[in-house]
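Novice: sequence unknown, structure follows:
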């Protein structure tokens, strides 16, 4: 039973993962990257180990975006820039449409090739928060307008720190206000087209996010637009052909674009307030095999020319998103077909424990994983003890079981009765050695997704491992994991009668798992290696106990 279970698990892993390793996708061309300096011409601010308020540099006029110049409006020379500096970010807004054109997240480093400093997650051609107001057949494109701000720089030190914009053209006036608070990536947007009757506001949140990670291929594969109506629904960028349009029918509480670790979302969370009626996603260019951008336009009913919504532009940090509520923490719905099992295990058990150990015990995440692996095995020690002893008992009665099978092989019903009788006489549970073995598997599978998707482990080094979320470039830790798995299997076979199938599995399973885990995150390998090493003493004690029992039985 134990061997069949191990074989089944191994085959599942092979089917799920081996094709991706043997036939890796072609490397995607780099996404259109913005300059490594911010749009004011000054270098991106460094990532501080204990970031505090950042001093915003003075705003410097920059050339208007090419898209704005192409419109042929009277205001095509320059666009005034406004810097908003908080403890978590440095945003830049352009007077052209009062829209966000730059977002540097100060606590996250860019790992993109050739870049240093804070992660700049908006591309150079971003149209994020480009507004238009539609009344009947008329469209008022606010992104064409030049707005006047009430400040050139703004430091977010108090709740509800506000940046006011106003634009006037042809007797019409438009006002937009952004309200920021320290300690959060969420800010509020209020606007009014003065004197307008009821219309429809459209918000452009395309074309996507920049890849600021070393593994750009995996990052591109994670790109998608996620909407929340009843429950979050995701549309992968790569599912859209260039120019293909897909209508997303609301009403939606929020609409977001995401990469592997970051998210930009517009939210309508006000109780009883209007919701996004829908959105349209249009496929963009395809470098290589991966979609890097999608044009996404959301629509919001706007009575009397007024509109209000929230914006989140930052990391997919589980606890931060969970505090916002409305299932925003599910913007990255990972888990594949195992999602109903994986997500509860991650959200309510594993991730809270790991974060608590890191913060309250002041341990580096590498030591957290080592301690976590030991604790899991210690908690499962009694169940594993029972499983191993049940396996030993099954081995001890194998001669009698074989005799019964030979005697009643033509009488299935009698065979079943005699086997159950034998199990009762010796106190053996035929599945007792299998079920406890399944308990660590949800933890292992859950950790696979934790390291693949959790930003808290992004770029975290430990000993010789440069990044716990990525594979070990030296292959040391997966080899240690494979060796520990082999030793565990070898000890488990000690004292048992010769079995060619078991001997083959003793070599096959560790070798196969080592090969598969070479490309898995080093954090996952570290946990699994520690888990195996912690099991060795128990396996050794059980093997000695089994040898004594089987030896005594042979003598009798």
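Specialist: Perfect, thanks for sending it. In this text, all values refer to a predicted model and were calculated from it rather than measured experimentally.
Novice: please enumerate the strands of the stretch 301-450 of the chain.
Specialist: 306-315 (DSSP state E, counting those that start in this stretch).
Novice: give the residue spans of it that score low on pLDDT.
Specialist: Applying pLDDT under 70 to the stretch 301-450 of the chain flags residues 335-336, 388-389, 391-393, 395-396, 429-439.
Novice: which stretches in it count as helices?
Specialist: Using DSSP state H, counting those that start in this stretch, the helices of the stretch 301-450 of the chain run over 318-324, 339-345, 351-360, 365-379, 381-396, 398-407, 412-426, 435-438, 440-453.
Novice: okay if I get those helices as JSON lines plus mean neighbour count and distance to residue 306?
Specialist: Just so you know, the C-beta spots here come from the backbone N, C-alpha and C atoms, and that holds for glycine as well. Converted to JSON lines, the helices of the stretch 301-450 of the chain look like this (neighbours: other Cβ atoms under 10 Å; distance: least, Cβ to Cβ, whole Å):
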{"stretch": "helix 318-324", "mean neighbour count": "17", "distance to residue 306": "23"}
{"stretch": "helix 339-345", "mean neighbour count": "15", "distance to residue 306": "38"}
{"stretch": "helix 351-360", "mean neighbour count": "15", "distance to residue 306": "40"}
{"stretch": "helix 365-379", "mean neighbour count": "18", "distance to residue 306": "46"}
{"stretch": "helix 381-396", "mean neighbour count": "18", "distance to residue 306": "61"}
{"stretch": "helix 398-407", "mean neighbour count": "13", "distance to residue 306": "79"}
{"stretch": "helix 412-426", "mean neighbour count": "13", "distance to residue 306": "74"}
{"stretch": "helix 435-438", "mean neighbour count": "16", "distance to residue 306": "56"}
{"stretch": "helix 440-453", "mean neighbour count": "20", "distance to residue 306": "38"}
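Novice: out of the ones you listed, the one nearest residue 143 is which?
Specialist: helix 318-324 (27.0 Å; Cβ to Cβ).
Novice: so residue 463 makes contact with residue 366?
Specialist: Yes: taking Cβ atoms under 8 Å as the definition, residue 463 is a contact partner of residue 366 at 6.5 Å.
Novice: thinking again about what came up before, so which of the helices of the stretch 301-450 of the chain comes closest to residue 530?
Specialist: helix 365-379 (3.4 Å).
Novice: the closest one to helix 440-453, inter-axis angle?
Specialist: 170 degrees (axes from the mean of the first three to the mean of the last three Cα atoms, to 10 degrees).
Novice: helix 365-379 packs against which elements?
Specialist: helix 351-360, helix 440-453, helix 522-555 (3 or more Cβ pairs under 8 Å, 6 or more residues apart in numbering; DSSP states H and E).
Novice: will you turn the helices of the stretch 301-450 of the chain into TSV that also has distance to residue 252?
Specialist: Output for these, formatted as TSV (distance: least, Cβ to Cβ, whole Å):
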stretch	distance to residue 252
helix 318-324	15
helix 339-345	21
helix 351-360	26
helix 365-379	35
helix 381-396	45
helix 398-407	61
helix 412-426	57
helix 435-438	39
helix 440-453	23
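Novice: out of those, nearest to residue 201?
Specialist: helix 318-324 (21.6 Å).
Novice: and the contacts of that closest one?
Specialist: 184-186, 263, 267, 269, 312, 314, 328-329, 331, 347, 351, 355, 454, 456 (Cβ atoms under 8 Å, 6 or more residues apart in numbering).
Novice: filter these to the buried ones?
Specialist: 184-186, 263, 267, 312, 314, 328-329, 331, 351, 355, 454, 456 (16 or more other Cβ atoms under 10 Å).
Novice: how's the protein carved up into domains?
Specialist: 62-333, 344-380+439-555 (automatic domain parsing).
Novice: output the ones you listed as JSON lines; include the columns distance to residue 416.
Specialist: Shown next, in JSON lines, are these (distance: least, Cβ to Cβ, whole Å):
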{"stretch": "domain 62-333", "distance to residue 416": "44"}
{"stretch": "domain 344-380+439-555", "distance to residue 416": "24"}
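Novice: which one of those lies nearest to residue 403?
Specialist: It's domain 344-380+439-555; of the domains of the chain, that one is closest to residue 403 (Cβ to Cβ) at 14.5 Å.
Novice: coming back round to it: redo the helices and strands packed on helix 365-379 as JSON lines? Include distance to residue 141.
Specialist: Formatted as JSON lines, the helices and strands packed on helix 365-379 follow (distance: least, Cβ to Cβ, whole Å):
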{"stretch": "helix 351-360", "distance to residue 141": "43"}
{"stretch": "helix 440-453", "distance to residue 141": "37"}
{"stretch": "helix 522-555", "distance to residue 141": "47"}
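Novice: give the contact list for the spatially most central residue of the chain.
Specialist: Centrality entry for the chain: nearest residue to the mean C-alpha point is residue 453, 2.3 Å, by Cα atoms, centre = their mean. With contact set as Cβ under 8 Å, 6+ apart, residue 453 has these partners: 260-261, 316, 332, 334.
Novice: most widely separated two among those?
Specialist: Maximum distance among the contacts of residue 453 (Cβ to Cβ): 12.2 Å, for 261 and 334.
Novice: ok, those two, which is more surrounded?
Specialist: Neighbours per residue, other Cβ atoms under 10 Å: of residue 261 and residue 334, the larger number sits with residue 261, 26 against 17.
Novice: would you state the helices of the stretch 101-250 of the chain in chain order?
Specialist: 216-221.
Novice: partners of residue 227 in the sheet?
Specialist: On the basis of DSSP bridges, residue 227 is bridged to residue 233, residue 255.
Novice: just give the number of residues close to it.
Specialist: 26.
Novice: returning to that earlier point: which of the contacts of helix 318-324 sits closest to residue 524?
Specialist: Distances from residue 524 to those, taken by Cβ to Cβ, are shortest for residue 454, at 11.5 Å.
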